[in-house]
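Trainee: below are the sequence and a predicted model for it; my questions follow.
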Protein chains: 2
Amino acid sequence: MSSVSKAMTLLNHFSEARPEIGLSQLCRMAGRDKATTYRHLQALETIGFIEQNRTTKHYRLGPAFLHFAHVREATVPRKDAANTALRALANVTGETAHVTVLSGTTLYGLCACESPHHGMRAVIDINIFPLHATASGLCALAFGPPALFDAATANLTGFTPATPTTADELTSVIERTRATGFACADQSYENEVQGIAAPIFDHTGLLAGAVAVASVASRCTPSLEQTIKAELILAAGDISRNWGGTIPTAIEAAWARSVKLPNVMDATA
Amino acid sequence: MSSVSKAMTLLNHFSEARPEIGLSQLCRMAGRDKATTYRHLQALETIGFIEQNRTTKHYRLGPAFLHFAHVREATVPRKDAANTALRALANVTGETAHVTVLSGTTLYGLCACESPHHGMRAVIDINIFPLHATASGLCALAFGPPALFDAATANLTGFTPATPTTADELTSVIERTRATGFACADQSYENEVQGIAAPIFDHTGLLAGAVAVASVASRCTPSLEQTIKAELILAAGDISRNWGGTIPTAIEAAWARSVKLPNVMDATA
DNA sequence: ACGCATTGGTTCACATTATGAACCGTCATT
DNA sequence: AATGACGGTTCATAATGTGAACCAATGCGT
């Protein structure tokens, strides 16, 4: 491990729960020597990644992050990260993948990527995703702000026979989404199209949108569903990380529970 | 220079004007070897400080900044940075110093620090600073959003005979503030109290507030005024940096012009 | 089609640089 | 006054960083 990496991984020990850390304490946490750690901290301080509380002598994250975050936010479009993740997702699953973003109470399509594998595939041609009828929308309802529920129930259009059109039906679907970490919309927006979605989080710590795979219903076997879910976990993590967020541990746990299958364990053995 | 510092200073070459940089290009800019730069970039990439555009192979700031900036913003109160800068300011000038923050069209007092040197000193006992009558307010008007002017002219209370009470008077004072980079309020809010202020900027690139020194008018000699201005430049820079911002070059130029005095140049020679 | 220039990336002998045990001064507790 | 924990420093040791030279790939003008 390069000394550059060693110095920078020190930063990972700072968090909202642990904003200030003393030298000795940080040494213990990082399992590193005191002199080394001290020099690393000094280097980090010169660039503004670290700042020292003059009274307690403890260290904390520096102001430079605000500057760099601003530049990053201003220059790197979220779409880029979404696109690269979608490409991988579409290639591996062989289905169409897309990303949505939540703005207020509306869920917009950000970008989509069709797989080259199949002749027949789902086509994402909507820009505003109904919250109650699409997998992405259910993700937003399950993991987004509670106020979304009211916005959703205000307009429970029945697109297909499978669309949940009552508040009770919707609630039970949302419950299932929360329990598994995945939202499933089986032909509830369009016939013959089944969607599976996972939530995406950004730097605010709140839900930012969803990443989803839309597959042709007749083709969707349990095994494909497992593949899709496994890939969605990776994609949601990738995109979230790229947007400055992390997947809440509760959701990671739900994912772990819902993809834990015997055949998967055999395959890896 | 440690290799840690060398690696991290590479990040300074990225800006809103230059979001993506290729390897060779970055080597030239940094005046560093290609192999070294490449290794440094790889180290930066593993932590997420750098990200590579897969198609162009160019490098850009990574997503980790969003995360760290969030933690920093959530855990380090702006007041801390302001307080340490104020302490220095009050000590050197021997007068009372304070920092204000702009929220919407209102300028609030954030914190103040009285100098221990004098028995008599200005006391900052207001929490909302009138835009047209205080030095901090004039800073906000001169360097903040244009909409402030309307908010200010809506209530031109005359606190003292020196308070500007017409839009024209106010405009000319603002002009002078823009030209020098400093706002001066000579007994325009309170008799016997003279204020000098400099603007503060945060990560948005917009005016965030002001730092000011309030001195007893009878004591304020030209030499003290020069001292105050020189210290205000340092304090405004410090606080801005700590809040994730930088002083616009136009203002730095104005400062340089307005403190360039013969005796100062003699002193440094 | 060709050479030429420039790109991102890699190698290896060399020496600058990082490392950590032991150290110091300070402070709070006992 | 002894103790322990703290932030910070020193110096011999050795690990790590370094850059000239080299590759392969791409773009460009002739």
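Mentor: Here it is on my side, so go on. Numbering: from 1, shown residues only, chains lettered A, B, ... in the order given.
Trainee: and for the residue of the stretch 151-269 of chain A found nearest chain B, the neighbour number?
Mentor: Chain B sits closest to A:Gly244 of the stretch 151-269 of chain A, with a gap of 2.4 Å, by C-beta to the nearest C-beta. Where you see a C-beta, it was placed from the backbone N, CA and C, and this is true even at glycine. By the measure other C-beta atoms under 10 Å in any protein chain shown, the count of residues near A:Gly244 is 26.
Trainee: which strand or helix spans the residue lying closest to A:Arg178 once chain neighbours are set aside?
Mentor: Excluding its sequence neighbours, the residue lying closest to A:Arg178 (C-beta to C-beta, 6 or more residues apart in numbering or on different chains) is A:Ala142, at 4.8 Å. Secondary structure from DSSP states H and E places A:Ala142 in helix A:135-143.
Trainee: run through who's touching that helix.
Mentor: Helix A:135-143 has contacts (C-beta atoms under 8 Å, 6 or more residues apart in numbering or on different chains) with A:98, A:100, A:102, A:107, A:129-132, A:148-149, A:152, A:170, A:173-174, A:177-178, A:183-185, A:195-199, A:207, A:209-210, A:212, A:214, A:251.
Trainee: cool, stretch A:28-38 as well?
Mentor: A:6, A:9-10, A:13, A:21, A:23-24, A:26-27.
Trainee: among these, which ones are buried?
Mentor: Among the contacts of stretch A:28-38, those scoring as buried are A:6, A:10, A:21, A:26-27 (criterion: 16 or more other C-beta atoms under 10 Å in any protein chain shown).
Trainee: what about the helices in the stretch 151-269 of chain A?
Mentor: With DSSP state H, counting those that start in this stretch, the ranges of helices along the stretch 151-269 of chain A come out as A:167-180, A:222-242, A:249-259, A:262-268.
Trainee: ok, now which ones touch the residue nearest the centre of chain A?
Mentor: The centre of chain A sits closest to A:Ile200, judged by C-alpha atoms, centre = their mean, with a distance of 2.7 Å. Remark: with contacts taken as C-beta under 8 Å, 6+ apart, A:Ile200 is in contact with A:99, A:207-211, A:236, A:239-240, A:243, A:245.
Trainee: what's around the closest residue to DNA strand D within the stretch 51-200 of chain A, how many residues?
Mentor: Proximity of the stretch 51-200 of chain A to DNA strand D (C-beta to the nearest atom of the strand) peaks at A:Lys57, 4.1 Å away. As a burial measure, A:Lys57 scores 10 neighbours (other C-beta under 10 Å).
Trainee: phi first, then psi, for it.
Mentor: Dihedral pair for A:Lys57: phi 70, psi 0, per degrees, to the nearest 10.
Trainee: A:Thr9 now?
Mentor: Dihedral angles (degrees, to the nearest 10) for A:Thr9: phi -70, psi -10.
Trainee: likewise for the one 10 residues further on?
Mentor: A:Pro19 has phi and psi values of phi -80, psi -30 when expressed as degrees, to the nearest 10.
Trainee: what sits against A:Asn53?
Mentor: A:20, A:59-60, B:80.
Trainee: that one and B:Ala81, how far apart?
Mentor: A:Asn53 sits 11 Å away from B:Ala81, going by C-beta to C-beta, to the nearest Å.
Trainee: how about the strands in chain A?
Mentor: Assigned by DSSP state E, chain A shows strands spanning A:50-52, A:59-61, A:96-103, A:106-113, A:183-186, A:193-201, A:207-216.
Trainee: I'd like those strands written out as TSV, with distance to DNA strand C added.
Mentor: Output for the strands of chain A, formatted as TSV (distance: least, C-beta to the nearest atom of the strand, whole Å):
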stretch	distance to DNA strand C
strand A:50-52	15
strand A:59-61	16
strand A:96-103	26
strand A:106-113	23
strand A:183-186	37
strand A:193-201	27
strand A:207-216	26
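Trainee: for B:Arg87, which of those strands is the nearest?
Mentor: Comparing the strands of chain A by their distance to B:Arg87 (C-beta to C-beta), the top pick is strand A:50-52, with 15.3 Å.
Trainee: about what we covered before: nearest to B:Leu44 among the contacts of A:Ile200?
Mentor: Of all the contacts of A:Ile200, A:Trp243 has the smallest distance to B:Leu44: 19.0 Å, by C-beta to C-beta.
Trainee: which residues touch the nearest residue to that closest one once chain neighbours are set aside?
Mentor: Residue nearest to A:Trp243 in three dimensions, not counting chain neighbours: A:Asp202, with 4.1 Å by C-beta to C-beta, 6+ apart. Counting by C-beta under 8 Å, 6+ apart, A:Asp202 makes contact with A:208, A:240, A:243-245, B:66.
Trainee: appreciated, that's everything.
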